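Participant: this one's sequence-less:
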């Protein structure tokens, strides 16, 4: 239930370009830079952090390997960084085989 999030400016640009499909205040958090525009604003006080964690876990699960116990710290992470980590994990697996 942790929604994706974006800025109002980015949401308007996506909508204007026709690339926004099914997105809106009902399924995405939108910020004007100072506050959330959604009524009610957050489902959880840490909803954006929960969404980022779920993104990370989902992206790493696509490796198709057990993740095992690991400690991961991510700062300003996104799908591109997650893919780099996944590739590094798979490369480490290949080197260990």
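Facilitator: All right, it came through fine. Quick caveat, the model's predicted, so the values are computed rather than measured. Residues are numbered from 1 along each chain as shown.

Participant: tell me which helix or strand of the protein sits lowest on mean pLDDT?
Facilitator: When each helix and strand of the chain is scored by mean pLDDT, DSSP states H and E, helix 8-17 comes last, with a mean of 85.

Participant: elements contacting that one?
Facilitator: strand 28-31 (3 or more Cβ pairs under 8 Å, 6 or more residues apart in numbering; DSSP states H and E). The C-beta positions use only the backbone N, C-alpha and C, and glycine is treated the same way.

Participant: what's the first helix or strand after the strand it packs on?
Facilitator: Next along the chain after strand 28-31, taking DSSP states H and E as the criterion, comes helix 47-61.

Participant: contacts made by the next helix or strand after that next one with the rest, please.
Facilitator: Using DSSP H and E, the next helix or strand after helix 47-61 towards the C-terminus is helix 79-96. Outside helix 79-96, the residues within contact range by Cβ atoms under 8 Å, 6 or more residues apart in numbering are 55, 56, 59, 60, 62, 63, 65, 72, 74.

Participant: rewinding a little: can you mark which positions in the least confident helix or strand of the chain are buried?
Facilitator: residue 11 (16 or more other Cβ atoms under 10 Å).

Participant: and stretch 59-68, by the same measure?
Facilitator: Neighbour-count burial for stretch 59-68 [16+ other Cβ under 10 Å]: 59, 60.

Participant: and the end-to-end length of that stretch?
Facilitator: 15 Å (Cα to Cα, to the nearest Å).

Participant: please apply the same query to stretch 30-44.
Facilitator: End-to-end distance for stretch 30-44: 15 Å, by Cα to Cα.
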